[in-house]
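A.B. asks: how does the following fold in three dimensions:
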Amino acid sequence: MDRRLDQWRSSAERDTMCLDKLELTPEEVQTALRVDGISAVRCLGLFCCKLPTLPDDMFQDAALCALSELHMGRNTLQELPESVGCLTQLTILSVQGNRLSGLPESLSRLHALTSLDAGNNLLLHLPAGICECTALRLFELSGNKALCTLPHTMSRLSNLQHLGLQRTPLVTPPEVSAEGARACVSWLSTNPVGPERAPLET
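C.D. replies: Numbering: from 1, shown residues only. Sure thing, here's the model as predicted:
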């Protein structure tokens with residue numbers, strides 16, 4: 001890890017921190033973020049690091065306040081800390097290929113998020129507050145083989161252009177889910193309110 005950090009220190013791209021494919025403990029990740037000279041990372045890569053967990057306060061670190069891209073695919077994460085909601089400038093979040101059974105409610109604070117890849121996890125449900133991510137254009141959920149329903153609140157995602165649902169056993173919405181993002185959003189907005197649906201703003 002020290003050699004990778006040395007390379008990063010001498011790089012012109014001081015706003016990019018790539019620790020991909022290093023086998024790191026959660027503590028080593030935090031140590032890496034606290035190296036002298038790191039002040040505002042905008043792109044953080046933790047791809048394929050075999051991370052099982054992340055510290056609860058991970059994303060409260062001052063070095064990540066300006067983070068716009070976070071790539072944490074192909075680890076062994078079972079949950080994301082609620083502190084991910086502190087990354088209010090985040091536009092791209094990739095957590096595909098982990099062991100997540102759910103996503104934190106704090107995602108509702110990520111109003112700048114345009115791309116969320118949570119494919120190939122173990123998701124059982126989605127947080128109703130996902131509707132607050134109104135800038136979302138790409139939402140990848142393919143390969144979540146226990147995901148049977150989408151929250152009706154997703155009807156508010158009017159900018160959604162791609163909704164990946166391959167290899168998901170969806171019951172709600174029904175067959176319309178094969179017709180793409182706009183068809184799903186339309187179906188969710190015109191069908192009866194589910195128990196998880198919040199009132200639409202007028």
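
A.B. asks: pull the helix or strand with minimum mean pLDDT from this protein.
C.D. replies: Using mean pLDDT, DSSP states H and E, the weakest-scoring helix or strand in the chain turns out to be helix 2-10, at a mean of 53.

A.B. asks: with adjacent residues omitted, what lies nearest to Thr40?
C.D. replies: To be clear, residue 40 is Ala; Thr isn't right here. Here the nearest residue to Ala40 in space, its sequence neighbours aside, is Ala66; by Cβ to Cβ, 6 or more residues apart in numbering that works out to 4.3 Å. The C-beta positions use only the backbone N, C-alpha and C, and glycine is treated the same way.

A.B. asks: which residues touch that neighbour?
C.D. replies: 15, 40-42, 89 (Cβ atoms under 8 Å, 6 or more residues apart in numbering).

A.B. asks: swap in 10 Å and give it another go.
C.D. replies: 15, 39-42, 87-90 (Cβ atoms under 10 Å, 6 or more residues apart in numbering).

A.B. asks: can you redo the residues you listed as TSV with neighbour count?
C.D. replies: Converted to TSV, the contacts of Ala66 look like this (neighbours: other Cβ atoms under 10 Å):
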residue	neighbour count
Asp15	17
Ser39	11
Ala40	12
Val41	22
Arg42	17
Leu87	25
Thr88	13
Gln89	15
Leu90	27
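
A.B. asks: now these as TSV including secondary structure and pLDDT?
C.D. replies: What follows is these, written out as TSV (DSSP: H, G, I helix; E, B strand; the rest coil; pLDDT from 0 to 100):
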residue	secondary structure	pLDDT
Asp15	coil	71
Ser39	coil	62
Ala40	coil	72
Val41	coil	82
Arg42	coil	88
Leu87	coil	96
Thr88	coil	96
Gln89	coil	96
Leu90	coil	97
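
A.B. asks: alright, I will stop here.
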